[in-house]
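In: The following comprises the amino acid sequence and a computationally predicted model.
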2 protein chains.
Amino acid sequence: MLKIAVYGKGGIGKSTMTSHLSAAFATLGKRVIQIGCDPKADSTISLLHGEPLKPVMEYLREDQEPQSIEEISKVGFGNILCIETGGPTPGLGCAGRGIIATFNLLEDLDLFEEYQPDVVMYDVLGDVVCGGFAAPIREGYAKDVIIVTSGEKMALYAANNIQSAVKNFADRGYAQVKGILLNHRNVENEREKVEAFAKANDLKIIGEIPRSNDINRYEEMGMTTIEGDINLEVSQKFIELAKKLLEDES
Amino acid sequence: MLKIAVYGKGGIGKSTMTSHLSAAFATLGKRVIQIGCDPKADSTISLLHGEPLKPVMEYLREDQEPQSIEEISKVGFGNILCIETGGPTPGLGCAGRGIIATFNLLEDLDLFEEYQPDVVMYDVLGDVVCGGFAAPIREGYAKDVIIVTSGEKMALYAANNIQSAVKNFADRGYAQVKGILLNHRNVENEREKVEAFAKANDLKIIGEIPRSNDINRYEEMGMTTIEGDINLEVSQKFIELAKKLLEDES
Ligand SMILES: Nc1ncnc2c1ncn2[C@@H]1O[C@H](COP(=O)(O)OP(=O)(O)O)[C@@H](O)[C@H]1O
Ligand SMILES: Nc1ncnc2c1ncn2[C@@H]1O[C@H](COP(=O)(O)OP(=O)(O)O)[C@@H](O)[C@H]1O
Ligand code: SF4
Ligand code: SF4
Ligand SMILES: [Mg+2]
Ligand SMILES: [Mg+2]
């Protein structure tokens, strides 16, 4: 089973990358779960034709302990099972603990045993990598970490915090950084900047996604480019990356 | 005493706005403290000619309980007392609790009694407004909140979380949103978008800062435009805003 956590700065394109990868895995015939772990709770929206999914934290806040996976999930493109943790009431409580509470619930509901996925994707905010937001890499949920970054200073700052968070847990045999996914923002010398960061931290760039209007166009229609037009160059980039990740696993 | 917390999305320009406002208050003869509450710990760097300031969390992590304010602060432009809380080791602990730990230390060291400031500025990340990051508005440290935003969707999303976090504590008589500071990013219909957000939440736009190369130019020299060239239009915008805030207070 592939268990991948996609981390990166807010707005860098984590949900876009995660959803496209999930869609690519599904297209390759895999059974996929995507869990959005960002308080924004919009990770899976492009797998669900733009329909928002009620986050688990909202059920927990309303003291409605959900009794089944069906209650808290929706099935999207390619039969991908979509779940959103959501966040705390702003100003109250701990965003990261929301992730942990959701994970505990998913275990109580035997998600992984019941659903038997081939791939689980976690989409996690990396602006503040505190204990809570590190849960997917700390608790053994994810095995591989993909860090999404552009060449922007702030994106690389977040990427650096993420890779050191992962290293803090490396000796316990949990997650490791699989590599960097360069999502282009078209800043000057972008590849050089990201390559320099990768080299300094002994990491690989495992994929490169161009800035693409097709992504925006299909996003407005509530879908990934994989669903919209699998023959596009950008769609094929995700298919290739998905294939590579599956090969490395086997 | 003016006690202002500046909140907003990471990268939106909080530290730039906060430092320019602090510099403006100092130029108007006020005694100012600026406390950076972002794990990035670079809030005060443009008041300190580019020299980084060791964050309080680093002292606490090394189990060196600081014995005086002098140890953990630096005096910058216009005699502004600069302090950075810093953040946790990535992946471990709670970024927000770092803010709380620092505030407790500052109280133990009698910062406010000893220093008798006219203005205290808090510069706080608003991407995740959990209990920890809400500390400045929850614990009565700040009285007024300024929300920095552009017309970008993600900036307005963060702004919305911040304003609801503040409302969650309004009835306890603590902080209130003074208004929105529109830091232009030159997106389409920017003022209209921010005005619509302000109106929907019954908030005022208290200032508008243009995108300005002078800000970048002086930042590279480790200073605000107030220090660099007070006669610039952008410098005068901050001076006007500082005057308005002082008038409203009296
Ligand atoms: N390669 C790309 N080309 C064009 N637009 C992109 C690309 N990657 C991301 N975007 C756009 O950037 C915005 C933010 O992306 P999103 O995936 O929501 O970020 P995050 O999940 O990291 O907060 C979205 O509107 C998305 O369409
Ligand atoms: N009005 C502006 N004009 C030009 N550059 C700006 C402006 N506001 C912010 N910046 C630049 O944006 C970058 C991020 O700003 P910063 O204040 O560090 O953001 P934050 O503290 O919110 O993370 C800085 O390099 C800063 O110079
Ligand atoms: S561990 Fe993280 S998510 Fe939890 S309260 Fe602390 S900063 Fe927030
Ligand atoms: S652990 Fe993190 S998310 Fe939770 S209250 Fe603390 S700072 Fe906030
Ligand atoms: Mg997202
Ligand atoms: Mg800052």
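Out: Thanks, I have the structure now. Ligands and ions are numbered 1, 2, ... in the order given.
In: Quick one: name the residues of chain A near ligand 1.
Out: A:8, A:10-16, A:183, A:209, A:211-212, A:215-216, A:219 (Cβ under 6 Å from any ligand atom). (Each C-beta comes from the backbone N, C-alpha and C, glycine too.)
In: In helices, which of those residues appear?
Out: A:14, A:15, A:16, A:215, A:216, A:219 (DSSP state H).
In: Tell me if I am right that residue A:103 is in a strand.
Out: No - applying DSSP: H, G, I helix; E, B strand; the rest coil, one finds residue A:103 to be helix, outside a strand.
In: what residues does chain A put near ligand 5?
Out: When proximity is defined as Cβ under 5 Å from the ion, chain A approaches ligand 5 at A:14, A:15, A:38.
In: so the first one touches residue A:38, yeah?
Out: Yes - the pair formed by residue A:14 and residue A:38 meets the contact definition of Cβ atoms under 8 Å, at 7.3 Å.
In: Mutual contacts of these two, please.
Out: Common contact partners of residue A:14 and residue A:38 (Cβ atoms under 8 Å, 6 or more residues apart in numbering or on different chains): A:123, A:124, A:125.
In: what about the residue with the largest distance to the centre of chain A, which SS state?
Out: Largest separation from the mean C-alpha position in chain A: residue A:63, at 27.2 Å (Cα atoms, centre = their mean). Classification of residue A:63 by three-state DSSP places it in coil.
In: Spit out the contact partners of the residue in chain A that ligand 2 sits nearest to.
Out: As assessed by Cβ to the nearest ligand atom, ligand 2 sits closest to residue A:154 within chain A, at 6.8 Å. Contact analysis of residue A:154 by Cβ under 8 Å, 6+ apart lists A:9, B:10, B:11.
In: rewinding a little: could the ones in helices among the residues of chain A next to ligand 1 be laid out in JSON lines, adding distance to residue B:164, pLDDT and neighbour count?
Out: Converted to JSON lines, those look like this (distance: Cβ to Cβ, whole Å; pLDDT from 0 to 100; neighbours: other Cβ atoms under 10 Å in any protein chain shown):
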{"residue": "A:14", "distance to residue B:164": "23", "pLDDT": "98", "neighbour count": "29"}
{"residue": "A:15", "distance to residue B:164": "22", "pLDDT": "98", "neighbour count": "24"}
{"residue": "A:16", "distance to residue B:164": "26", "pLDDT": "98", "neighbour count": "22"}
{"residue": "A:215", "distance to residue B:164": "30", "pLDDT": "98", "neighbour count": "23"}
{"residue": "A:216", "distance to residue B:164": "28", "pLDDT": "98", "neighbour count": "11"}
{"residue": "A:219", "distance to residue B:164": "26", "pLDDT": "98", "neighbour count": "18"}
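In: element containing the spatially most central residue of chain A, please.
Out: Taking Cα atoms, centre = their mean, the centroid of chain A lies closest to residue A:123, which sits 2.4 Å from it. Here residue A:123 sits within strand A:119-125, counting by DSSP states H and E.
In: follow-up on the earlier one: for residue A:71, see how far away the residue farthest from the centre of chain A is.
Out: Separation of residue A:63 from residue A:71 (Cβ to Cβ, to the nearest Å) stands at 14 Å.
In: what's the answer for residue A:46, then?
Out: 22 Å.
In: Give me the more crowded residue out of those two.
Out: residue A:46 (29 against 13; other Cβ atoms under 10 Å in any protein chain shown).
In: pretty sure the more buried one contacts residue A:217?
Out: No - using Cβ under 8 Å, residue A:46 makes no contact with residue A:217, being 11.6 Å away.
In: right, is whatever helix or strand residue A:199 lives in up against chain B?
Out: Of the helices and strands defined by DSSP H and E, residue A:199 is found in helix A:190-200. No - legend: contact between helix A:190-200 and chain B by Cβ under 8 Å from any Cβ of the partner chain is lacking; minimum distance shown is 15.2 Å.
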